[in-house]
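In: Got a predicted structure plus its sequence, pasted below:
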Amino acid sequence: MASRPKPVNYIAEDAKLGKNVKIWHFAYLGSGSSVGDNVMIGSLSHVDYNVKIGDNTRIEGSAYIAPLTRIGKNVFIGPAAVITNDPYPMTKKMVGVKVGDGAIICGGAMLKAGVRIGKNSVVAMGAVVTKDVPPNVVVMGVPARIAYSRKEYDAKKLKWESTST
């Protein structure tokens, strides 16, 4: 009986990994990147070069994290989220996105090069962020606009979790 080949990840030799990092199948981690403690990077995710990821962050499958991105601590990035770094493709000048501590970037969201996502903010599923997002708000839509506060989001989440299905 033939044996199965092991799934392959590419992790650059100079990438720095913290303690208890989990990188799932077929993920890529580029040169000069730094990953904090207790980080999970999902299958098929592409974390490009010179990216910094804070402790306790979770990046779901098929996410694309562009070069120069800075991600804070306790961040969640949903499946197939896209973070860009070239506001006028293809130029020679790149600019990173900054994601503040405790932020949530939901699945399928797209972040324009150079934007800042404020601490504890939420970017809704499929939202297209073209401008900075202040702290403690929820943005949604195309282009993304403030819909309500993080406090309201947390209350809705708690109500959802407490109802039976």
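Out: Received it, and whenever you're ready, just let me know what you need. Residues are numbered from 1 along each chain as shown.

In: Output the lowest mean pLDDT helix or strand found in the chain.
Out: The helix or strand of the chain with the lowest confidence, counting by mean pLDDT, DSSP states H and E, is strand 10-11 at a mean of 92.

In: Show me what that strand is packed up against.
Out: strand 28-29 (3 or more C-beta pairs under 8 Å, 6 or more residues apart in numbering; DSSP states H and E). Just so you know, the C-beta spots here come from the backbone N, C-alpha and C atoms, and that holds for glycine as well.

In: What's the first helix or strand after the strand it packs on?
Out: strand 34-35 (DSSP states H and E).

In: Tell me which strands that following strand pairs with, and in which orientation.
Out: strand 16-17 (parallel), strand 52-53 (parallel) (DSSP bridges).

In: mind giving me JSON lines with the ones you listed and columns for distance to Gly118 and mean neighbour count?
Out: Formatted as JSON lines, these follow (distance: least, C-beta to C-beta, whole Å; neighbours: other C-beta atoms under 10 Å):
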{"stretch": "strand 16-17", "distance to Gly118": "26", "mean neighbour count": "15"}
{"stretch": "strand 52-53", "distance to Gly118": "17", "mean neighbour count": "22"}
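
In: Mind putting those strands into CSV with mean pLDDT and distance to Ser43?
Out: Formatted as CSV, the strands paired with strand 34-35 follow (pLDDT from 0 to 100; distance: least, C-beta to C-beta, whole Å):
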stretch, mean pLDDT, distance to Ser43
strand 16-17, 97, 17
strand 52-53, 98, 17
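
In: Any chance of TSV for the ones you listed, columns distance to Ala63?
Out: Shown next, in TSV, are the strands paired with strand 34-35 (distance: least, C-beta to C-beta, whole Å):
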stretch	distance to Ala63
strand 16-17	17
strand 52-53	11
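
In: How many neighbouring residues does Tyr10 have?
Out: Per other C-beta atoms under 10 Å, the neighbour tally for Tyr10 reads 12.

In: tell me which residues form a beta bridge with it?
Out: Tyr28.

In: mind checking how far it is from Ile41?
Out: Tyr10 sits at a distance of 12 Å from Ile41 (criterion: C-beta to C-beta, to the nearest Å).

In: okay, and the common contacts of these two?
Out: Shared contacts of Tyr10 and Ile41, defined by C-beta atoms under 8 Å, 6 or more residues apart in numbering, are found at 27, 29.
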